[in-house]
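Q: I would like to see how this sequence folds:
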Amino acid sequence: MTDFSREFPINCLTDTVLKKNSWFTDLLFRWHPAGDAVNSRLGDGKAVLARDCVNKGELQNLRVAFRGGYMNFYCGGQSIAKVEFGRDGLQAKIHEKYVYGCESTGKKYVKLTSKGFLEPGKGQFVPYDDQHLKKWIENANNKVGPEKRFVDLVVAHNPDVIDLEMGLPAYIPEERRAPRMDLVALEPHEGGWRVVLWEVKRVGDGRARCEGDKQPEVLEQLEAYTKWLRYGDHESRVAEAYQNNCGLLVGLHAIAKCVRRDIEELGPGIRAVANSNATPPSIDVKPRLLIIYDKKNESFRENGHFDKLKGAGLRVEAVVSLSELALCGQS
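A: Numbering: from 1, shown residues only. Sure, this is the predicted structure:
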């Protein structure tokens, strides 16, 4: 199995490292764990989701996702910083389009360390200050589309979301990679906890619609995940990785609490799975589909798209109103 792991040397984030790297503590200050809006007022819970609902103001809260040896800080699905330990100690890689505000579509990244980051074309270090991060987030907001804003809204109302933009590595014999999955969450299951995968699509997305007898594109994507999880020992390895992931979230949360004492609590599932005496979570190998009604569009049901997806054996749910954002009600 090509590596699927959730690892990061949390114990290396010492007081000395934090003091030398104020950019990292600024990232932690803006980190809001999943479920940060659970107790907020949604207004009319029966209101139909409208584009204005998630476009008011810019996304400022950051989300964290662990990978194999590093962590990503996301703003609306855009990776603001890939944080890891390297030859220069703690460092972050940030895409140049956020740092410099350029329109680059390439894969050029700017390295940020305790020294700061290099000024373009001059080879001199620019000392970091908190206004830099503010600008990078502002630039990232210009790249966030409506679907990712909705994903962040779902994350904000589900405290046991444990991963974002989850991708699976290639594997033998096909050497294929499945597309990224929007959300990974925990749900109660048979006295323990279960990992569930959610793909999010807007109601107008053609990939979730059926044309005649042709199967929608999203089914192929989700079937690829099921096939991958059922191959060899992948299921148990993913369960182990996500149990470790929960432990990392608990460890990072303890550090972040020293930076922002009013940081929201982690979800009960995360805390339970992270317990040293806990058994690994089980895995639901069949991903689920969340259809977001970002506007009044009943044609999705009227034309049979919803029923066809259900008929294909897919767990599909529709979020039509603000009161339906909690995934715990979609199990």
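Q: from here on, just use CA atoms for contacts and neighbour counts.
A: Noted.
Q: local confidence estimate at Ile292?
A: pLDDT recorded at Ile292 is 83.
Q: again, but for Tyr74
A: Looking at Tyr74, the pLDDT reads 96.
Q: verify the contact between Val320 and Glu298 for me.
A: No. Val320 is not in contact with Glu298 according to Cα atoms under 8 Å; the separation is 10.2 Å.
Q: neighbour count for the two, which is higher?
A: Neighbour count, other Cα atoms under 10 Å: between Val320 and Glu298, Val320 has more, with 21 against 10.
Q: ok, which stretches of the chain are strands?
A: 63-66, 71-75, 78-86, 89-95, 109-112, 117-118, 125-126, 161-166, 181-189, 192-202, 282-283, 288-292, 315-319 (DSSP state E).
Q: what's the separation between the residue in the chain sticking out farthest from the centre and Lys107?
A: In the chain, the residue that sits farthest from the middle, by Cα atoms, centre = their mean, is Lys122; the gap is 35.4 Å. Separation of Lys122 from Lys107 (Cα to Cα, to the nearest Å) stands at 20 Å.
Q: my guess is Asp284 meets Arg194, correct?
A: Yes. Asp284 is in contact with Arg194 according to Cα under 8 Å; the separation is 6.7 Å.
Q: who has more neighbours, these two?
A: The neighbour comparison of Asp284 against Arg194 (other Cα under 10 Å) goes to Arg194, with 19 against 14.
Q: show me what Ile94 is bridged to.
A: Val110 (DSSP bridges).
Q: can you give me the neighbour number for it?
A: Ile94: 20 neighbours (other Cα under 10 Å).
Q: the chain: helices as residue ranges?
A: 15-20, 22-30, 51-55, 96-99, 130-141, 146-156, 217-229, 234-259, 268-274, 299-302, 305-311 (DSSP state H).
Q: turn the strands of the chain into JSON lines, including distance to Cys12.
A: Formatted as JSON lines, these follow (distance: least, Cα to Cα, whole Å):
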{"stretch": "strand 63-66", "distance to Cys12": "15"}
{"stretch": "strand 71-75", "distance to Cys12": "14"}
{"stretch": "strand 78-86", "distance to Cys12": "9"}
{"stretch": "strand 89-95", "distance to Cys12": "9"}
{"stretch": "strand 109-112", "distance to Cys12": "18"}
{"stretch": "strand 117-118", "distance to Cys12": "22"}
{"stretch": "strand 125-126", "distance to Cys12": "25"}
{"stretch": "strand 161-166", "distance to Cys12": "22"}
{"stretch": "strand 181-189", "distance to Cys12": "27"}
{"stretch": "strand 192-202", "distance to Cys12": "28"}
{"stretch": "strand 282-283", "distance to Cys12": "30"}
{"stretch": "strand 288-292", "distance to Cys12": "37"}
{"stretch": "strand 315-319", "distance to Cys12": "41"}
